[in-house]
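1. Build me a structure from this.
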Amino acid sequence: MPELSHSDVKLLTALQQDARLTTAELAERAGLSTSACWRRIRALEDEGYITGYHARVNPQRFGYAVTAFVLITVASHQDEDAVAFETAIRRMPEITACHAVSGTPDFIVQVVAEGLDSYADGVLMKLRRLPGVREIKTSFILKELKGTPVITPPR
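-> Model prediction:
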């Protein structure tokens, strides 16, 4: 992995905190000219350090009062079963994140729902019907303590 310059680290940190900063504002924070800043940002994108720009939205403004982490264990790890499971997961708009993890469970899924009833009667029923699901455990988020991760490059 190529070593990041001090300016690159400043750019990455600033963009993670506010991706709407102008190139001129980023250049000032990183101590670069505007054109050099623009070239470094493009290089960081090309090198895979920056994978996208996103707005963080409030799920409650869309009527989602409940967020949960769902631990899913599957019965089979055969290719056909895995593809069917992954395809079904990607089609569920209630799922905001899904991670395959080592050990048990096999997947940690983040979901949103309008309330506990809609989770139990809607989302949970859909999850139970996913191909190969053997076990489901749900933990509801009571309070978010930190939800905007900023990755600080190692020195």
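
2. which stretches of this structure form helices?
-> For the chain, applying DSSP state H gives helices covering 6-17, 23-30, 34-46, 79-90, 116-118, 124-128.

3. With respect to Thr148, which of these lies nearest?
-> Evaluated over these, closeness to Thr148 peaks at helix 6-17, with 8.3 Å, by Cβ to Cβ. Backbone N, C-alpha and C define where each C-beta goes, glycine included.

4. I'd like the mean pLDDT over that closest one, please.
-> Across helix 6-17, the average pLDDT comes to 94.

5. and that helix, what does it pack onto?
-> helix 23-30, helix 34-46 (3 or more Cβ pairs under 8 Å, 6 or more residues apart in numbering; DSSP states H and E).

6. Reformat those helices into CSV and put distance to Gln17, mean neighbour count and mean pLDDT next to each item.
-> Shown next, in CSV, are the helices and strands packed on helix 6-17 (distance: least, Cβ to Cβ, whole Å; neighbours: other Cβ atoms under 10 Å; pLDDT from 0 to 100):
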stretch, distance to Gln17, mean neighbour count, mean pLDDT
helix 23-30, 10, 17, 97
helix 34-46, 15, 15, 97
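
7. now the ones you listed in CSV, with distance to Ser118?
-> Below are the helices and strands packed on helix 6-17 laid out as CSV (distance: least, Cβ to Cβ, whole Å):
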stretch, distance to Ser118
helix 23-30, 42
helix 34-46, 38
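
8. Indicate which one of these is closest to Glu135.
-> Among the helices and strands packed on helix 6-17, helix 34-46 sits nearest to Glu135 (Cβ to Cβ), with 40.2 Å.

9. Nearest to Phe140, out of the helices of the chain?
-> In terms of Cβ to Cβ, the element of those nearest to Phe140 is helix 116-118, at 7.8 Å.

10. Could you check how far the closest one is from the centre of its chain?
-> Taking Cα atoms, centre = their mean, to the nearest Å, one finds the center of helix 116-118 at 24 Å from the center of the full chain.
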